[in-house]
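need the 3D shape of this:
(one chain, ligands or ions: 1)
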Amino acid sequence: MSTLKPIQALSLDSVQQQSFIKFYKSLPEKPPTTVRIFDRNDYFSVHDVDATTAAKEVFSSLANIKKMGVEPSRMDYLVLSKGNFEILVKKLLLVRRYRVEIYVTEGSVKGNDWELKYKASPGCFSQLEDVLSDGMGVSEENAPCLMAVNIKTDPVSKGRLLGVAFITACEYQMSVTEFTDDDLLTQLETVTVQMAPSECLVPASDTDEYKALKKVMERAKVTVTKLKKTEFSTEGLIQDLTRLLKFKDDQKQDANVFTETTKEVAMTSLAAAVKYMSLMSDSSNFGRYRISTTQVDYFLHLDSAALGALNVFPELGDASHSRANSLYSMLDHCRTQHGKRLLAQWLRQPLRDINLINERLDIVQVLVENSALRLQLHDDHLRRIPDLQALARRLTRKKANLQDCYKIYQAITRIPQLLNCLSTSEHACVHSSLTQPLAELRGDLHKYQLMMQSTLDMDAVERGDYLVKPSFDEQLQSLATQLERVQNSADKELSKAARDLGLEAEKTIKLENNSQYGFCFRVTLKEEQGLRGKKKYTILDAVKSGVRFKTSTLDELNDDYNQAKTTYETEQAKVVTEIVSIAAGYSECLFCLSHMLSRLDVLVAFSIASATAPAAYTRPVLTESLDELVLKDARHPCLELMEGVSFIPNDVVFKRDQSLMHIVTGANMGGKSTWMRSAGSIVVLAHAGCFVPCSKAIIPRLRSVCARVGAHDMEQAGQSTFMLEMQESTHILKTATPDSLVLVDELGRGTSTYEGCGIAWAIAEELATKTKCFTLFATHYHELTRLPSLHPGVIVNSHAEASVVDDQLVLLHRIASGAATQSLGLHVARLADLPDSIIEYAEAKQAQLETNLFDIENSGNSNENSEGQQIIVEFLRKCKEIEQSAASDEIMLKKINDLKNDLFQHNNQYVKSLIVA
Ligand SMILES: Nc1ncnc2c1ncn2[C@@H]1O[C@H](COP(=O)(O)OP(=O)(O)OP(=O)(O)O)[C@@H](O)[C@H]1O
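Residues are numbered from 1 along each chain as shown. The predicted structure is shown next:
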């Protein structure tokens, strides 16, 4: 629980309370995902349901909630200090992905003259940069990105045409795309995963398309904000873009020169996003934005299910920082904030171009092999690089101060050492993609360095003060001389007082200059006696550290000093504004530098993860050929980092003409999921340009990794397990291609055994014979192990080895070929300490069921079985009919009764076994 406590209760009398409640209730309706905060000058308040939301977020307890007003209109409220207000706002926007409204008043905080002054949402919180003391910052993994989607009918194909726009304000980036999509909006899901927006704007509509869109966004944990359809109007958009976009010198200054503007539907979305972010109201945005087309096919497709199944990222708000949490946490050895953000982007957008992948791998290899270079970059250089991207943005917004300019200066000053360090490698790739561009940038930024050296008082920086060098400006110089003169006079006064009191200046009597008293003297408590009876000394205070006092001369010097200092500060502020505006001219170079250093940071992080893993990683070989995918001694990159785990490596071998699909069986806890997740993680790492936890890896250039693994997040999405399973399976069937890796784990669990088995069977066959993708299919339905005999050369059996020794289950975590012979579920239950009585009963029941099934299987009468199946189908059909037509209970009961009688009349072994079961 947080130790922070609210500072006070609202000091409103009962009439003021009633009147506030009335005002509060009169505010426009809002969803619970929008939280209203009232700024009461030195503290803040939240009310009604928002009080509960805020109390949970800040205090993890409802104890601080208070009540205002009288019944029936009593209302909860919570008071927050400034610090807690900031915690709340950051948690709401970055973790919960809620919206925030901040109300302020020009009048009394006890009145009702409130005005909505600031609005922020997960994809757009630039307004809050002025409200929060350290700005909003961006979360480690994510620069806030706003998305907008509009759906129209394609005039040519009559299909569903989606126009999508993204704006990443901190990078001044806009990107747009248009595509036709299927009912489940699979392409939209891919692009959403790749771009990772935090908020999506849509026109208010309840059509099926928007319902499907909402589901996609729920899975990707993106907040949906509905806007009036008129917000998607493109009126005035081209003029706005002409002001916002950056043109080359020789380019016509007209947004129409960018082909992106011809995408009509995407432009409607971009119009909504530009308006929502109020980009036009901040002139620092003008001439800065770049527009591009979102390139979905450049990257390995991952959907939300795959991201979740492979634990690519930690859960939102997960603060445990364990390396074993996710691929991101495992790789995050980054030293810079922009490096961390780039790492997240590389994991969301693994490459598909083998040359580009190899370029990354080349550098990782150099760094893996050269540990001195790796450690120097990581521990000496990157560690000292500030968030250049954020600083460059502060410069462009004219919000930077001298300290920011100094931080940039320091980073630039490190470049020569960094270049020296990189030059120890002679690898062509290091030279062309790192050393050379960095050296060029250094040339461009040299002038910035000179400017800072001539304007910034470096001596003052040593003391922690960021001041302009007085010699830089004539007036500043004369004011500085004046200040120095006053200081000298004060020093003389110190010597005089020391002589008078028989003390030693700077030792037993000291001169101080503080904000409370200005110039004053201080003696220790012991020396205080000497002051007694001397009227020229006025005692100011007596504290533990001594007695402070002044003279009338010090008083006069104070006046002079303060006057000169105020003028100095005013003059200095003017010079600082000038320096910042000159520095802003370098922001473009700084964005490049930040990008280059973040790239280096991520590659160093890759090399550290690769070189320091429990067993060394290997460089994967990426191939254009889809003939095979071979991972020798594959390990799970996160699991092997967990304390106490001694990981057993396993091979994953797919050969197109031998083993395209593995049906994976074996005991619970045997290691099936881990094997599949290892394969998925390795493929993602390889496409991101990282070494992989294997002894050998041959990986074809893939289009997508699709996964249906585990029952993650179902409660959150408010969907049934089975429904979600089926949706994910449909998604896989629609998107998987021969160049996909598909991981399916325990499909069909959410329904009856026979139905589930049937569904799993059908999907497995479809993937192996029609889609022809690389598939690992883990299942507890033993029936599926018959598939290899039906599709030899395509499907093979593999199993997680386990055995029972002296009635003890031994899980070997080794994957071997062939089907598992026994399920061993009851042994696992015993391992999990299920009560003995339950286990015994379960064993008896299992025996009974097996006998029934044995009877059926041995009935040898396949006609009888198929007859049985028909009866069941008929039974189910009738049940459905009753559900739909039930007008009253009596009728229903009668129908059910009739049905039962019908069923019991059949003398079919198969049906009987079901009734018994
Ligand atoms: N190769 C391995 N080396 C070491 N430990 C492993 C290995 N594979 C799995 N384990 C351990 O076994 C646990 C269970 O593994 P996993 O979830 O993969 O089993 P499973 O066969 O999928 O189980 P279930 O069928 O119940 O889902 C893991 O959490 C891990 O601790």
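
quick check on the residue lying farthest from the centre of the chain: phi, psi?
When distances to the mean C-alpha position of the chain are computed (CA atoms, centre = their mean), the maximum falls on G533, with 68.9 Å. With angles defined as degrees, to the nearest 10, G533 sits at phi 80, psi 0.

what's the local residue count around A611?
17 (other CB atoms under 10 Å). The C-beta positions use only the backbone N, C-alpha and C, and glycine is treated the same way.

same thing with the one 10 residues further on?
The number of residues packed around V621, counting by other CB under 10 Å, is 15.

repeat that for the one 10 residues further on.
When neighbours are defined as other CB under 10 Å, L631 has 27 of them.

which element is it on?
strand 628-634 (DSSP states H and E).

centre of the chain versus that strand, how much separation?
30 Å (CA atoms, centre = their mean, to the nearest Å).

can you list the residues that contact the next helix or strand after that strand?
Heading C-terminal from strand 628-634, the first helix or strand you meet, by DSSP H and E, is strand 650-655. Contact partners of strand 650-655, identified using CB atoms under 8 Å, 6 or more residues apart in numbering, comprise 627-634, 659-660, 662, 671, 675, 678-679, 774, 776, 813-815.

how about a cut-off of 6 Å?
Among residues not part of strand 650-655, those counted as contacts by CB atoms under 6 Å, 6 or more residues apart in numbering are 628-632, 634, 675, 679, 774, 815.

for stretch 798-807, same thing?
Applying CB under 6 Å, 6+ apart, the contact partners of stretch 798-807 are 662, 664-667, 670-672, 810-812, 814-817, 819-820, 824.

got the residues of this protein near the ligand?
Taking CB under 6 Å from any ligand atom as the contact definition, the chain meets the ligand at 645, 647-648, 650, 666, 668-674, 800, 813.

can you point out the buried residues in the helix ranked longest in the chain?
Longest helix in the chain by number of residues (criterion: DSSP state H): helix 552-584. By neighbour count on 16 or more other CB atoms under 10 Å, the buried set for helix 552-584 is 553-554, 557-558, 561, 564-565, 567-568, 571-572, 575-576, 579-580, 583-584.

low-confidence ranges, this protein, go.
In the predicted model, the chain carries pLDDT under 70 at residues 1-8, 129-143, 317-320, 710-720, 749-753, 806-807, 822-835, 837-839, 841-897, 899-917.

looking at the stretch 701-850 of the chain, which residue is nearest the ligand?
H813 (3.6 Å; CB to the nearest ligand atom).

that residue belongs to a helix?
No. Counting by DSSP: H, G, I helix; E, B strand; the rest coil, H813 is located in no helix; its state is strand.

count residues in the vicinity of it, would you?
20.

who's in contact with it?
Residues near H813 by CB under 6 Å, 6+ apart: 648, 671.

mind redoing it with 7 Å?
When contacts are counted by CB atoms under 7 Å, 6 or more residues apart in numbering, H813 touches 648, 670-671, 800.

quick revisit: show me just the buried residues among the contacts of strand 650-655.
Using 16+ other CB under 10 Å, the buried ones in the contacts of strand 650-655 are 628-631, 634, 675, 679, 774, 815.

so can I have a markdown table of the contacts of H813 showing secondary structure, distance to S729 and neighbour count?
As requested, the contacts of H813 are arranged in a markdown table below (DSSP: H, G, I helix; E, B strand; the rest coil; distance: CB to CB, whole Å; neighbours: other CB atoms under 10 Å):
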| residue | secondary structure | distance to S729 | neighbour count |
| --- | --- | --- | --- |
| I648 | coil | 30 | 17 |
| G670 | coil | 23 | 26 |
| G671 | coil | 23 | 24 |
| A800 | strand | 23 | 25 |
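
among these, which one sits closest to the ligand?
Relative to the ligand, the closest of the contacts of H813 is G671; by CB to the nearest ligand atom it sits at 3.0 Å.

alright, that wraps it up for me.
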